[in-house]
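[1] kindly return the folded structure for what I paste below:
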Amino acid sequence: MIKGRKGFLGAPALRRPKVTHLSSQGRIPDEIIEFLNASGGHSLIVKGQAGTGKTTFALQLTEELGEVTASHYLSSRVSDESLYNQFKWLRERLKPAVIQTGPKAPRAESKVARDALDQLTGKMQAGEESGEEARPGSGGASVKGDIFEIPIGEDLPEVEDAYKFVDDRMPKRSLILIDSIDALAEHYGIAASRLINVFQKDLVEGSKQNVLYVLEGSGETRLDYLGDGVVNLSASEHEGRGRVWLLVDGVYSMYGDIAPAAELAVLLDRHPALHIYCDDAHGLGWDGMRGRGVYLARAGWHERLVVVAGLSKSFGATGGVIVVPDAELAEMIELVGPPLTFGGPIPPASLGAAVASADIHLSDELPQLQAELQDRIALVNRLAVDMGLPFAKLDPTPIWYLEIGDYDRAAGLCVAMREAGFFVNGSAFPVVPYGHAGVRFTVTLYNSPEQIEAMLTALRELSLEIVGETEVVVDLTADAPVGETT
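    Sure thing, here's the model as predicted:
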């Protein structure tokens, strides 16, 4: 199962990276390849219960990216030889970490950012660093079988090797695989969150490198919010065969980017075990015939598709809608679905609003309303390019996100916009990854073209005052040009 958080796998730029398939037998989803091939540094968390293929996924990734990035594998799971016996094609491709316990030679001047690592090792040498995830009493530098143990107060030789590998290849980009971050943190005696923050600051943000963290277990934890994206692997059996559920949003609520619905429909036809659960709350009403939503407008219906949506956004009511392929599943949801079991009925006033909205969606008025909104969406996208506003995405949806980075500056921009007469939503951790705070806004038919232009002008001027100039990258050869509708 691959699940994207708000903004999952979306690089904060306007470019739509071209995907190059490096293996005719590739098993890694195109979205992940596209994510790691995009400009800048990125991190990915891979998690799942034992036996779901986390290590296989991480190592297969090196095959898929083998011609565009070199990989460094840091593992506490298996010895190098057993690794090669299982994945013979990795012997020449991977450069696994080597356990070291002796003194290290003086370090030459480094091209890779390492401020966070130096700060961490300094605290360890002073005996100041530990964490709640650390195992009590782990210490005494030694190698026992395939497990390494490093005491607090020593250097981090495996991490240093990873940094050296990156440094030797710069300015080229590398992929660092850490399998698993839990085990590495345990044997160093420090919190896993501390290690992830070090890699994020130095390698991902400071040196524009790619890092993959393998996590033990599949439940949601606070560590999920420290990376740029999460891949959750799961396995299930249904009538003697595997069933795979892919969870997507029709329109992702933070960046306003659209799921590749047509491509997903092809995958449904190609793979009988695949099922798709689509939350199209942000695409319902304003898009598609009778307001059926962004996903169904682009992909159509399928017998292994479930679509859900809340009615509190474009539809203008409360409650929700669930579209399932058969009566059996509908009955099961009605009988055992907790929201239906413990929830109350829709209030009469809200029910009246829903009925009135449904009447509009079934009338000839809706296509005209949708066209007028698309005109406003195209206006925002055109003005954004003209003004140099680097929104995260310019998909034909009424949602935009301007990343600021620092929380205080993002909050300051929201306050300044409010004082100028415009309300925008501030977004910060944990709604978006830490260090990627920004402002988000939507447009409706209640906003006139003059108001939209005035708001964008204010956003441009105030963001320059608070943040400064930002480069804008627009790929004019993208498959979905600015403002295009389907």
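
[2] going forward, measure contacts and count neighbours with C-alpha atoms only.
    Fine.

[3] so what touches stretch 429-443?
    Here stretch 429-443 makes contact (CA atoms under 8 Å, 6 or more residues apart in numbering) with 6-7, 225-228, 254-255, 376-377, 398-407, 410, 413-414, 423-428, 452.

[4] type out the ChimeraX command that picks the buried ones from those residues.
    To isolate the buried subset of these in ChimeraX, counting by 16 or more other CA atoms under 10 Å, use the following:
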select :6,7,225,226,227,228,254,255,376,377,398,399,400,401,402,403,404,405,407,410,413,414,423,424,426,427,428,452
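
[5] out of the contacts of stretch 429-443, which are inside helices?
    Those of the contacts of stretch 429-443 mapping onto helices are 376-377, 407, 410, 413-414, 452, per DSSP state H.

[6] by pLDDT, give me the weakest of those residues.
    Note: of the ones in helices among the contacts of stretch 429-443, the lowest pLDDT belongs to Tyr407, at 92.

[7] quick one: contacts for that residue?
    Counting by CA under 8 Å, 6+ apart, the residues that Tyr407 touches are 428, 435-438.

[8] and if we set it to 7 Å?
    Taking CA atoms under 7 Å, 6 or more residues apart in numbering as the criterion, Tyr407 is in contact with 428, 437.

[9] gap between it and His187?
    Distance from Tyr407 to His187, counting by CA to CA, to the nearest Å: 33 Å.

[10] how about Ser218?
    When distances are taken as CA to CA, Ser218 and His187 turn out to be 21 Å apart.

[11] pick out whichever of these two has more residues nearby.
    In this view Ser218 and His187 are compared by other CA atoms under 10 Å, and His187 has more residues nearby, 22 against 16.

[12] quick check, the more buried one in a helix?
    Yes. Counting by DSSP: H, G, I helix; E, B strand; the rest coil, His187 is found in a helix.

[13] with Tyr213 as the reference, measure out to it.
    As judged by CA to CA, His187 and Tyr213 stand 16 Å apart.

[14] equivalent analysis for Ile32, please.
    Distance check for Ile32 against Tyr213: by CA to CA, it reads 14 Å.

[15] which one's more surrounded, those two?
    Set Ile32 next to Tyr213 and count neighbours by other CA under 10 Å: Tyr213 wins out with 24 against 19.

[16] same for the strand or helix carrying the more buried one, what does it pack against?
    If you go by DSSP states H and E, Tyr213 is part of strand 210-216. When contacts are defined as 3 or more CA pairs under 7 Å, 6 or more residues apart in numbering; DSSP states H and E, strand 210-216 sits against strand 43-48, strand 174-179, helix 181-188.

[17] go through these and name the closest to Pro345.
    Closest to Pro345 of those, according to CA to CA: strand 43-48, at 36.8 Å.

[18] just the CA atoms of the helix or strand that comes right after that closest one, as PDB, please.
    Helices and strands here follow DSSP H and E; after strand 43-48, the next one along the chain is helix 54-64. C-alpha atoms of helix 54-64 as PDB (Å, rounded to 0.1, in the frame of the first residue of the first chain):
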ATOM      1  CA  LYS A  54      10.900  -3.300   3.100                       C
ATOM      2  CA  THR A  55      14.500  -4.400   2.400                       C
ATOM      3  CA  THR A  56      13.600  -5.800  -1.000                       C
ATOM      4  CA  PHE A  57      11.900  -2.500  -1.900                       C
ATOM      5  CA  ALA A  58      14.900  -0.400  -0.800                       C
ATOM      6  CA  LEU A  59      17.400  -2.600  -2.700                       C
ATOM      7  CA  GLN A  60      15.200  -2.800  -5.800                       C
ATOM      8  CA  LEU A  61      15.200   1.000  -5.800                       C
ATOM      9  CA  THR A  62      19.000   1.000  -6.400                       C
ATOM     10  CA  GLU A  63      18.300  -1.000  -9.600                       C
ATOM     11  CA  GLU A  64      15.700   1.400 -10.800                       C
END
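
[19] going forward, begin numbering at 638 instead of 1
    Yep, numbering from 638; the last one is helix 691-701 now.

[20] check which helices and strands helix 691-701 is in contact with.
    Contact here means 3+ CA pairs under 7 Å, 6+ apart; on that basis helix 691-701 packs against strand 680-685.

[21] mind running it again at 10 Å?
    Helix 691-701 is packed against helix 667-674, strand 680-685, strand 707-712, strand 811-816, strand 847-853, strand 867-870, with contacts defined by 3 or more CA pairs under 10 Å, 6 or more residues apart in numbering; DSSP states H and E.

[22] now the longest one: average pLDDT?
    I take that to be helix 667-674. Mean pLDDT, taken over the full extent of helix 667-674, equals 86.

[23] quick check: which ranges of the stretch 788-937 of the chain have low pLDDT?
    For the stretch 788-937 of the chain, applying pLDDT under 70 flags the ranges 788-792, 872-878.

[24] re the thing from before, let me know the closest of the ones in helices among the contacts of stretch 1066-1080 to Leu696.
    Nearest to Leu696, judged by CA to CA, of the ones in helices among the contacts of stretch 1066-1080 is Tyr1044 at 35.7 Å.

[25] from Gly1063, how far off is that closest one?
    9 Å.

[26] name the residues contacting each of those two.
    The overlap between the contact sets of Tyr1044 and Gly1063 (CA atoms under 10 Å, 6 or more residues apart in numbering) consists of 1050, 1074-1075.

[27] can I get these in TSV with distance to Ser951?
    TSV is the format used below for these (distance: CA to CA, whole Å):
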residue	distance to Ser951
Leu1050	26
Ala1074	25
Gly1075	23
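
[28] and which of those is nearest Pro1027?
    Nearest to Pro1027 among the shared contacts of Tyr1044 and Gly1063, counting by CA to CA, is Gly1075 at 11.5 Å.

[29] what's the neighbour count on that closest one?
    Counted with other CA under 10 Å, Gly1075 comes out at 26.

[30] excluding sequence neighbours, find me the nearest residue to it.
    For Gly1075, the nearest residue in space outside its immediate sequence neighbours is Glu1040; the separation is 4.2 Å by CA to CA, 6 or more residues apart in numbering.

[31] separation between that neighbour and Arg1019?
    Counting by CA to CA, the gap between Glu1040 and Arg1019 amounts to 19 Å.

[32] on that earlier part again, which of the shared contacts of Tyr1044 and Gly1063 sits closest to Glu1098?
    Leu1050 (10.3 Å).

[33] that closest one and Leu1099 touch, don't they?
    Yes. In this structure, Leu1050 sits in contact with Leu1099. The criterion is CA atoms under 10 Å, and the distance is 6.8 Å.

[34] quick check: neighbours shared by these two?
    A shared contact of Leu1050 and Leu1099, defined by CA under 10 Å, 6+ apart, is any residue touching both; here there are none.

[35] list the buried residues for stretch 843-860?
    Of the residues in stretch 843-860, those buried under the neighbour-count criterion (16+ other CA under 10 Å) are 843-855.

[36] quote the end-to-end distance of it.
    One end of stretch 843-860 to the other measures 20 Å (CA to CA).

[37] how about the helices in the stretch 788-937 of the chain?
    For the stretch 788-937 of the chain, helices defined by DSSP state H, counting those that start in this stretch occupy the ranges 794-806, 818-825, 829-836, 898-907, 931-936.

[38] between the ones you listed, which gets nearest to Ala707?
    With respect to Ala707, and counting by CA to CA, the nearest of the helices of the stretch 788-937 of the chain is helix 794-806 at 8.6 Å.

[39] how is the protein carved up into domains?
    667-870, 874-998, 1005-1103 (automatic domain parsing).
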